[in-house]
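K.L.:
one predicted model, sequence on top.
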There are 2 protein chains.
Amino acid sequence: MSHTKRTLTLEDVADLARGCAFLGSGGGGDPHTAFMEIEAALGEGGAIELIELESLPDDAFVAPCGWIGAPTISAEKLPSGREALQGLRKLEEITNRRVDAVFPVEIGGSNGLAALLLALRSGLPVVDCDGMGRAFPESQMVIFNIRGQQASPAILTDDKGNCVVIETVDNVSEERLARAAAVTLGGSCHLIEYCASAREMKANALRGTISDALRIGRGIRAARENGRDPFHGLFEALRASPHFDQAGVLFDGKIVDLQRETRNGFSVGRAVIDAFGGGQRLEVEFKNENLIARLDGQVRALVPDIISILDRETAETIVTECLKYGQRVKVVGASAPRALRSAESLAVLGPDAFKLPGPYRSIAELNGWK
Amino acid sequence: MSHTKRTLTLEDVADLARGCAFLGSGGGGDPHTAFMEIEAALGEGGAIELIELESLPDDAFVAPCGWIGAPTISAEKLPSGREALQGLRKLEEITNRRVDAVFPVEIGGSNGLAALLLALRSGLPVVDCDGMGRAFPESQMVIFNIRGQQASPAILTDDKGNCVVIETVDNVSEERLARAAAVTLGGSCHLIEYCASAREMKANALRGTISDALRIGRGIRAARENGRDPFHGLFEALRASPHFDQAGVLFDGKIVDLQRETRNGFSVGRAVIDAFGGGQRLEVEFKNENLIARLDGQVRALVPDIISILDRETAETIVTECLKYGQRVKVVGASAPRALRSAESLAVLGPDAFKLPGPYRSIAELNGWK
């Protein structure tokens, strides 16, 4: 059996950033800073190798990584660039094992790129998979938790060189401790968690989601370069994915109201979007991520399905902390990976978990898509 | 050179608990629960050996320990009894060193007894010293921090089996992270911190403070048993200490008002005490510990000097969380150890550190004691 292995170019990373922003459902942080960090690091040499999960032996040790905190904070509190490698070395020290590969715990937003920088710094490959297929505000909202993996030991590091090792008897306590530590350390920290053997990851991870994000970003760019509607490029890429194939435009309009505050380490609020010329109104509520979209009061998309707000000309995703009054946007919905829509998953990351009106109904059903 | 080494009896532990409550300056938690834990553990066998710091070789590895959180919470949230030993074993694991002895990070309140239980569980001796000579609300308010020791690695454990290892570049971040983790885990956790060689502890620790607390508790009890005023026994014991020799009654009266709330993991408030028959009034402000006493608005005692509120008949200390309206009390002041009254120490744990009106003036000066 041969396995695909490719080296990512800087153009790939830019495409990936665009795709990750879309899959973030508004959250996971703007990938722009992470992209610039990788651009600078690539300039110093080194390469980012993307490998398939299957290419790893079952006993390989793999580490999901990302950032925890409010994207509104991470947009202003720049990283030192040393957080991830410090965390990786600490993980190796306390487990007395060498890590063989890394990957993003969530593909959405800036976190979809975090593993690339760690790969460059450590010389390790990046595995083409993630744990969320999008972004979620809390770290137990990950397929690894739903499928019984242990979050511990989790390693949290900050830009000053502080490090917290969290070993809990349950994964919700791990999220709460990591969140409290991140808030204490300024609101944005690197977190390595749910480390496991490749055998476990083969059973549990969401495969190919880095490739999906790459395809989405490339599709948007290629359409623009070819003078086509970038939304056509986006939807072609989404339809080609096994995860996000049900997708469409939920609304087209202008942001007329925006409420956003940082509460308990999260960016919480809502955006109100009116159709051009008046008439219909879409309201999107978010907690780091966009969670629910209502068209004139009727629910049209519900977490875990993806709700992203895009610039209506360029199809660039506008993440939660970059929303502004007056932006002209299209709101796009896409199906979440099937693994997130099981009853077990919905209990952890569906509408109930956010105290939103449920039960969950798929975006295809809510919009009458085939 | 011969060194004193003694095995503590259950009566010693009861006396120690009484003395620790006094030295807590209202804080450190009511030692009653800790006493009962030790009573039960002693009944299962084992012995508590109290040794002098000098008896340890310079390269011995010693671990200060105690509890972090609000005493109001620890009075209701009982420990599992496994927290301290779990923390000790984790410390040994991450440092790859065996711990040779333990001692209380603060002698005041329940924390003065915490090391005894760990000694029983681990078979290690307890060193006759501590890091505060009383109790303080924040963990960086310790002579080890003032004298440049590192708090890290700090090991925080809870009753469920959760564990957090904190490694910070500064000791205030360690306090903040430990506090946030303790709040997240329910408000009361075991904490091992400022671990060091016996050489460092010989240079920095406050010596003989367990013996002081024992003498205080025994002096009160012996006076009662002999039909004497227990406050005479208390003051005889205080005068015999090199640390707490300036002491006296600040006030005698009845608690007529009490404000107490749990804020950010601390018990914060004030007690108002009126003289019998009216006239004078003493106000005591606390943040876990009693920090300032004002007689009709005039400051009569200031942190770090000890301010304890005692039952006026039995001379049993009433810790902050046990204060009640109507209690008839004597408020006793005593000098803090000299090491806490240096300019460097006062910057960390004096009135300024609590945003109280300063500068610090000694209790002897404020009351015209010789």
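P.N.:
Yep, it's here. Note that the structure is a prediction, hence the values are computed from the model and not measured.
K.L.:
and the pLDDT at the closest residue to chain B within the stretch 201-350 of chain A?
P.N.:
When scored by CB to the nearest CB, the stretch 201-350 of chain A has A:Gly265 as its residue closest to chain B, at 10.8 Å. C-beta here means a position set from N, CA and C on the backbone, and glycine is covered the same way. At A:Gly265, the pLDDT value in this model is 72.
K.L.:
was I right about it contacting A:Cys189?
P.N.:
No - in this structure, A:Gly265 is not within contact of A:Cys189 by CB atoms under 8 Å, at 10.2 Å.
K.L.:
which neighbours do those two have in common?
P.N.:
Any residue near both A:Gly265 and A:Cys189 by CB atoms under 8 Å, 6 or more residues apart in numbering or on different chains counts here, and that gives A:Gly69, A:Ala182.
K.L.:
between those two, which has more neighbouring residues?
P.N.:
Higher neighbour count among A:Gly265 and A:Cys189: A:Cys189, with 28 against 19, using other CB atoms under 10 Å in any protein chain shown.
K.L.:
do you know how far A:Ala154 is from chain B?
P.N.:
10 Å (CB to the nearest CB, to the nearest Å).
K.L.:
ok, and the closest non-adjacent residue to A:Val348?
P.N.:
Computed as CB to CB, 6 or more residues apart in numbering or on different chains, the closest residue to A:Val348 that is not its neighbour in sequence is A:Ile146, at 5.4 Å.
K.L.:
and for A:Ile216, the neighbour number?
P.N.:
30.
K.L.:
and what of A:Pro64?
P.N.:
30.
K.L.:
bridging residues for it?
P.N.:
As for beta bridges, A:Pro64 partners with A:Phe103 under DSSP bridges.
K.L.:
what about the closest residue to A:Gly81 other than its chain neighbours, how many neighbours?
P.N.:
For A:Gly81, ignoring the flanking residues on the chain, the nearest one in space by CB to CB, 6+ apart is A:Glu37 at 6.2 Å. A:Glu37 is flanked by 20 other residues according to other CB under 10 Å.
K.L.:
the bottom helix or strand of chain A by mean pLDDT?
P.N.:
Lowest on mean pLDDT, DSSP states H and E among the helices and strands of chain A sits helix A:71-74, with a mean of 68.
K.L.:
is chain B within reach of the helix or strand just after that helix?
P.N.:
Using DSSP states H and E, the helix or strand that follows helix A:71-74 towards the C-terminus is helix A:83-95. Yes - using CB under 8 Å from any CB of the partner chain, helix A:83-95 reaches chain B at A:Ile94.
K.L.:
what angle sits between helix A:83-95 and helix B:83-95?
P.N.:
Angle of helix A:83-95 versus helix B:83-95, following axes from the mean of the first three to the mean of the last three CA atoms, to 10 degrees, is 110 degrees.
K.L.:
now helix A:83-95: average pLDDT?
P.N.:
The average pLDDT within helix A:83-95 is 97.
K.L.:
now that helix - C-alpha only, PDB.
P.N.:
Output of helix A:83-95 as PDB, limited to C-alpha atoms (Å, rounded to 0.1, in the frame of the first residue of the first chain):
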ATOM      1  CA  GLU A  83       4.900  28.000  23.000                       C
ATOM      2  CA  ALA A  84       4.200  24.900  21.000                       C
ATOM      3  CA  LEU A  85       7.700  23.400  21.000                       C
ATOM      4  CA  GLN A  86       8.000  24.000  24.700                       C
ATOM      5  CA  GLY A  87       4.800  22.100  25.200                       C
ATOM      6  CA  LEU A  88       5.900  19.200  22.900                       C
ATOM      7  CA  ARG A  89       9.200  18.800  24.800                       C
ATOM      8  CA  LYS A  90       7.400  18.800  28.100                       C
ATOM      9  CA  LEU A  91       5.000  16.100  26.800                       C
ATOM     10  CA  GLU A  92       7.900  14.000  25.700                       C
ATOM     11  CA  GLU A  93       9.600  14.500  29.100                       C
ATOM     12  CA  ILE A  94       6.600  13.500  31.200                       C
ATOM     13  CA  THR A  95       5.500  10.600  29.100                       C
END
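K.L.:
show me what counts as buried in it.
P.N.:
Buried residues in helix A:83-95, counted by 16 or more other CB atoms under 10 Å in any protein chain shown: A:Glu83, A:Ala84, A:Leu85, A:Gln86, A:Gly87, A:Leu88, A:Lys90, A:Leu91, A:Glu92, A:Ile94.
K.L.:
any weak-confidence spans in chain A?
P.N.:
Scanning chain A for pLDDT under 70 picks out A:1-3, A:71-75.
K.L.:
quick one on the thing from earlier: the residue nearest to A:Gly81 belongs to a helix?
P.N.:
Yes - when DSSP: H, G, I helix; E, B strand; the rest coil is applied, A:Glu37 is found to be in a helix.
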